[in-house]
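here are the coordinates; sequence isn't available:
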């Protein structure tokens, strides 16, 4: 069964935005009713009365259409003209509607309205302009937030794609090195070749099944490393000593598959005489230190696809939370990788 897909961010944001708008307008209506009750004025005659409908119309005309589709295309003249015409029409309609409702409500007890029509017209004009500005501020703020989230999600998709590519790039590289080790055994017609093939099957099982997970336990990664070292021991001369130590709990630590292997591969690519690998798990950190002799008959260059791949994966997975140091000293290569978990 395929895992359920999460809804795209813009759909989640639209649902959230609808609820927020509804709550804000409801609070606005409650405030109007409270002020009218406090002043002892019927809600129908208190501000904004039916003018609330004109505020809603001009706000959502701008929020839903004029700002994203007209102003968003830099058609400023059309934006201003449509707003001006809309405001004038709303004023004419709702001022007349307000006075008609006022007359119906008060009947014979009606008195002259304290403000002349011209003053009402000017006040309502600037009131609706204010709602145009509010619509613009809210729309631009919401669109900016959506843009930032979409950019972040796109970046995450690109990072996941890059990591998948790096993992796919590393697997054949590991297999190539293992086959080289078996080839060296076969050239010697060593009796250990069959044992090496068995070790290869263990490694292949790991790479085929375990590396499909985004994260695995450190204990599984260490088990893979042990099989890899056992295979290397079969082909290496007897004087080449390999020490491998692990300190600390490994079951609770999760990391990406094959993350530690490039440093170990580098030992057998450039190393000679001896190799020591020490993995230490402490609270909140993982450290791996390696040390090996360097062959004297090779060009002194440390790197290749494995280490390049490792650096890029670390940069994606643990930005500003890792340190990787390589140092050649006294004909030995020292590496130190520390990851803050």
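That came through fine. The model shown is predicted, which means the values in this text are computed figures rather than measured ones. Numbering: from 1, shown residues only.

ranges for the helices of the stretch 151-300 of the chain?
193-209, 218-235, 261-270 (DSSP state H, counting those that start in this stretch).

Please identify the most buried of those helices.
Highest mean neighbour count among the helices of the stretch 151-300 of the chain (mean count of other C-beta atoms under 10 Å): helix 261-270, with a mean of 21. Backbone N, C-alpha and C define where each C-beta goes, glycine included.

Which among the helices of the stretch 151-300 of the chain is found nearest to residue 116?
Among these, the nearest to residue 116 by C-beta to C-beta is helix 218-235 (81.0 Å).

Might you list the low-confidence residue ranges for the stretch 101-250 of the chain?
154-175, 177, 190-192, 206-212 (pLDDT under 70).

how does it look with 80?
Scanning the stretch 101-250 of the chain for pLDDT under 80 picks out 108, 110, 150-214, 231-232, 234-238.

and residue 213, what does it touch?
The neighbours of residue 213, taking C-beta atoms under 8 Å, 6 or more residues apart in numbering as the test, are residue 257.

Ok, which of the helices of the stretch 151-300 of the chain comes nearest residue 241?
With C-beta to C-beta as the yardstick, what comes closest out of those is helix 218-235 (9.6 Å).

picking that back up, just put the helices of the stretch 151-300 of the chain in JSON lines and tack on distance to residue 33.
JSON lines is the format used below for the helices of the stretch 151-300 of the chain (distance: least, C-beta to C-beta, whole Å):
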{"stretch": "helix 193-209", "distance to residue 33": "65"}
{"stretch": "helix 218-235", "distance to residue 33": "62"}
{"stretch": "helix 261-270", "distance to residue 33": "69"}
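
closest to residue 39 out of those?
Here helix 218-235 is closest among those (C-beta to C-beta), at 69.7 Å.

Check which helices and strands that closest one sits against.
Judged by 3 or more C-beta pairs under 8 Å, 6 or more residues apart in numbering; DSSP states H and E, the packing partners of helix 218-235 are helix 117-187, helix 193-209, strand 241-247, strand 254-255, helix 261-270, strand 271-282.

The fourth one: how far from the chain's middle?
Between the centre of strand 254-255 and the centre of its chain there are 18 Å (C-alpha atoms, centre = their mean, to the nearest Å).

Need the residues that contact that strand.
215-218, 221, 286, 339.

picking up where we left off before, export the helices and strands packed on helix 218-235 to a markdown table and tack on distance to residue 233?
Listed next are these as a markdown table, based on distance: least, C-beta to C-beta, whole Å:
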| stretch | distance to residue 233 |
| --- | --- |
| helix 117-187 | 10 |
| helix 193-209 | 10 |
| strand 241-247 | 6 |
| strand 254-255 | 25 |
| helix 261-270 | 10 |
| strand 271-282 | 10 |
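
Single out the most deeply packed of those.
Of the helices and strands packed on helix 218-235, helix 261-270 is the most buried (mean count of other C-beta under 10 Å), at a mean of 21.

distance between that helix and the chain's centre?
So, by C-alpha atoms, centre = their mean, the centroid of helix 261-270 is 32 Å from its chain's centroid.

start the count at 58, not 1, going forward
Let's use 58 as the start, then, which means that last one is helix 318-327.

Quick check: which element contains residue 172?
Using DSSP states H and E, residue 172 falls within no helix or strand.

gap between it and residue 104?
Using C-beta to C-beta, to the nearest Å, residue 172 is found at 11 Å from residue 104.
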